[in-house]
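J.: Return a 3D structure for these sequence lines:
(2 chains)
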Number of protein chains: 2
Amino acid sequence: MSIAILGGTGPQGRGLALRFARAGRPVVIGSRESERAQTTAGELNSMLSGAAQISGDDIRGAVAAAGEMVILAVPYSAHNATLESVRDLLEGKILIDIVVPLADGDPKKVDMPAAGSATEAAQALLGDEIPVVGALHNVSATTLNHLDQRINCDVLVCGNDLAAKEKVIELIRLLEVEAYNAGPAVNARCIEAITPILIRLNISKKVPFTHAGIRIWAPSA
Amino acid sequence: MSIAILGGTGPQGRGLALRFARAGRPVVIGSRESERAQTTAGELNSMLSGAAQISGDDIRGAVAAAGEMVILAVPYSAHNATLESVRDLLEGKILIDIVVPLADGDPKKVDMPAAGSATEAAQALLGDEIPVVGALHNVSATTLNHLDQRINCDVLVCGNDLAAKEKVIELIRLLEVEAYNAGPAVNARCIEAITPILIRLNISKKVPFTHAGIRIWAPSA
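T.: Numbering: from 1, shown residues only, chains lettered A, B, ... in the order given. This is a model prediction of the structure:
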């Protein structure tokens, strides 16, 4: 059951590939250039034990190789075009959209698409037959790539297909992180927009941390 | 330096009145009926030591009595009308907007105003002369009213006037809770929308808590 990570040569994609592969899942990194994906896959495999199975392919090859889960981790500027290029291959699969529509040139801001959020834009583009689940927006790429650290936050998961969300929550828990059903796709408008707030805190000089995440917190019983 | 809490007879307002009064700040609860505000003030004072100074008045009387800080804690349906009714009294003061535009009949959803968020709507209504700071949206009213519990989350503070935000952050820290500058007023679109996600988690049967908040979290150095 390979997981495809489109945009897997970027920092978020690399970190997720490492974490899922370490948890025992084969990963296929998808990139516009398959050679670049294969180079990255080799680098990442060398960081893990010999059992790790990360491979690389072009975008369409990675989607075709995916068992069920396809993670979209491209920059926002490539979000729609990437989905359009693989739409016909996604039937029967689940699209996990982790893209945050950061404003061009200012990662402290979002520039939300007309659809309301990247997750909603993806669902509109792919149609109701292919479930889109928004997740993993607020996880620091730095944390993901530091394999000696536990992931420092909870993951809010949203989407309109409950069964798909539950599968994605189960998948994310392989990363030893708590994931919560945060409601329908419309909630991506909030969840995606948490990321630039965290980036703002990280670059501010007033906080003692640089890779903030969020946690759901409650008084102990 | 009295703090006015408009809508201070509601659960969020009562809890904030108790917490600020316990921290030594005089509080004036504002309600449409001053008698009701006075009754609530009496109840709250009796829950605290004799030194607590909570009083009650009608909405305009409460704003007039405020030193600098006026907290708007009315239901969203009364948000704009309340601000219009006190606009002339707010000069030289800071409006702290804690209102979440929950959808009518469904607290798991927001129904965002055309301005983008309640905080932005308030700023547009009051004009640039009166700083509006969004804050305290995600704090559980139940937690606020359980004085034996520490507040279980961090507070994200947003607004377009940095000096006003810094004063509000200082004020909120009286409640022994961490408050962060989360950017300009536009970020209220995200921060206000976190509340229905927390409400959804609280009423779901899949989580072990009922008064969730959020925390900014980072790996320890």
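J.: okay, CA-based contacts and neighbour counts for the rest of this
T.: Noted.
J.: mind checking how far the helix or strand containing A:Gly42 is from the chain centre?
T.: Using DSSP states H and E, A:Gly42 falls within helix A:34-47. Its chain's C-alpha centre and that of helix A:34-47 lie 18 Å apart, by CA atoms, centre = their mean, to the nearest Å.
J.: where exactly do the helices run in chain A?
T.: A:11-22, A:34-47, A:59-65, A:79-86, A:118-126, A:141-145, A:162-173, A:188-203 (DSSP state H).
J.: Packing partners of the fifth one?
T.: Looking back up the chat, that one is helix A:118-126. helix A:79-86, strand A:94-97, strand A:132-134, helix A:188-203 (3 or more CA pairs under 8 Å, 6 or more residues apart in numbering or on different chains; DSSP states H and E).
J.: I'd like the average pLDDT over it.
T.: On average, the pLDDT along helix A:118-126 is 98.
J.: Using CSV, write out every CA atom in it.
T.: Extracted as CSV, the C-alpha positions of helix A:118-126 are listed here (Å, rounded to 0.1, in the frame of the first residue of the first chain):
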residue,chain,number,x,y,z
ALA,A,118,-7.1,24.9,-1.0
THR,A,119,-9.0,21.8,0.2
GLU,A,120,-12.3,23.1,-1.1
ALA,A,121,-10.6,24.1,-4.4
ALA,A,122,-9.3,20.6,-4.7
GLN,A,123,-12.7,19.0,-4.0
ALA,A,124,-14.4,21.3,-6.5
LEU,A,125,-11.7,20.5,-9.1
LEU,A,126,-11.8,16.7,-8.6
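J.: can you give me the angle the lowest-mean-pLDDT helix or strand in chain A makes with helix B:188-203?
T.: Sorting the helices and strands of chain A by mean pLDDT, DSSP states H and E puts strand A:213-217 at the bottom, at a mean of 89. Strand A:213-217 and helix B:188-203 are oriented at 40 degrees to each other (axes from the mean of the first three to the mean of the last three CA atoms, to 10 degrees).
J.: rewinding a little: got CSV for the helices and strands packed on helix A:118-126, with mean pLDDT and mean neighbour count too?
T.: Below are those laid out as CSV (pLDDT from 0 to 100; neighbours: other CA atoms under 10 Å in any protein chain shown):
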stretch, mean pLDDT, mean neighbour count
helix A:79-86, 98, 16
strand A:94-97, 98, 26
strand A:132-134, 98, 32
helix A:188-203, 95, 24
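J.: And those: which comes nearest chain B?
T.: helix A:188-203 (4.4 Å; CA to the nearest CA).
J.: Show me what the closest one is packed against.
T.: Partner elements for helix A:188-203 (3+ CA pairs under 8 Å, 6+ apart): strand A:106-110, helix A:118-126, helix B:188-203.
J.: Nearest to A:Ala218 among the ones you listed would be which one?
T.: helix B:188-203 (9.8 Å; CA to CA).
J.: The residue nearest the centre of chain A and A:Thr210, how far apart?
T.: Nearest to the mean C-alpha position of chain A, by CA atoms, centre = their mean, lies A:Ile98 at 3.5 Å. A:Ile98 sits 21 Å away from A:Thr210, going by CA to CA, to the nearest Å.
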